[in-house]
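A.B. asks: my questions concern the predicted model and sequence given below.
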Amino acid sequence: QVQLVESGGGLVQAGGSLRLSCAASGGTFSNWAMGWFRQAPGKEREFVAAISNFGSNKDYADSMKGRFTIARDNAKNTVYLQMNSLKPEDTAVYYCAKSIYRTLINSKSADRYDYWGQGTQVTVSS
């Protein structure tokens, strides 16, 4: 059974930075692409970023490009999301997810992910 545990969320002022971590257990981490999604109150869950199994390919939502960076450390079974230049509209619960694939095919679709973490709250004040 795969388990994903996010950490690193918190309260930050607009323009600030946070780094989220997602530690995986229960499987072979390097076999999976990984993704980050977020959900704000009253809104649909949305794709943030994804990374292929060895980290050679990355994908971002347009609104996050240039501000967010996804990375992974397969030796530590951990995927990261570095978030810079944060805006109040980035406020949401952020979730990491395990892909059913190794590559980034259809990475923006939540349907290609089969395990999810519990989420970590990110709040950006203006």
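C.D. replies: Looks like it came in fine.
A.B. asks: in what helix or strand does residue 115 lie?
C.D. replies: Residue 115 is part of strand 113-116 when elements are defined by DSSP states H and E.
A.B. asks: residues touching the helix or strand following that strand, excluding its own?
C.D. replies: Counting by DSSP H and E, the next helix or strand C-terminal to strand 113-116 is strand 120-125. The list of residues contacting strand 120-125 from outside it, by CB atoms under 8 Å, 6 or more residues apart in numbering, reads 6-14, 16, 18, 20, 38, 83, 86-94. The C-beta positions use only the backbone N, C-alpha and C, and glycine is treated the same way.
A.B. asks: how about the spatially most central residue of the chain, nearest residue that isn't a chain neighbour?
C.D. replies: When the chain is reduced to its mean C-alpha position, the nearest residue by CA atoms, centre = their mean turns out to be residue 36, at 2.2 Å. The shortest distance from residue 36 to any residue other than its chain neighbours is 4.2 Å, reached at residue 48 (CB to CB, 6 or more residues apart in numbering).
A.B. asks: surely the one you found meets residue 40?
C.D. replies: No: using CB atoms under 8 Å, residue 48 makes no contact with residue 40, being 11.7 Å away.
A.B. asks: picking that back up, emit the ChimeraX select command for whichever of the contacts of strand 120-125 are buried.
C.D. replies: Applied in ChimeraX, the following selects the buried portion of these according to 16 or more other CB atoms under 10 Å:
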select :6,8,9,12,18,20,38,83,86,90,91,92,93,94
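A.B. asks: so what pairs up with the nearest residue to residue 78 once chain neighbours are set aside in the strands?
C.D. replies: By the measure of CB to CB, 6+ apart, the closest residue to residue 78 outside its immediate chain neighbours is residue 23, 5.1 Å from it. Beta-bridge pairing for residue 23 (DSSP bridges): residue 5, residue 78.
A.B. asks: next one: residue 23 from residue 83, what distance?
C.D. replies: Per CB to CB, to the nearest Å, residue 23 is found 18 Å from residue 83.
A.B. asks: returning to that earlier point: can you tell me the element the residue nearest to residue 36 falls in?
C.D. replies: Per DSSP H and E: residue 48 is located in strand 46-51.
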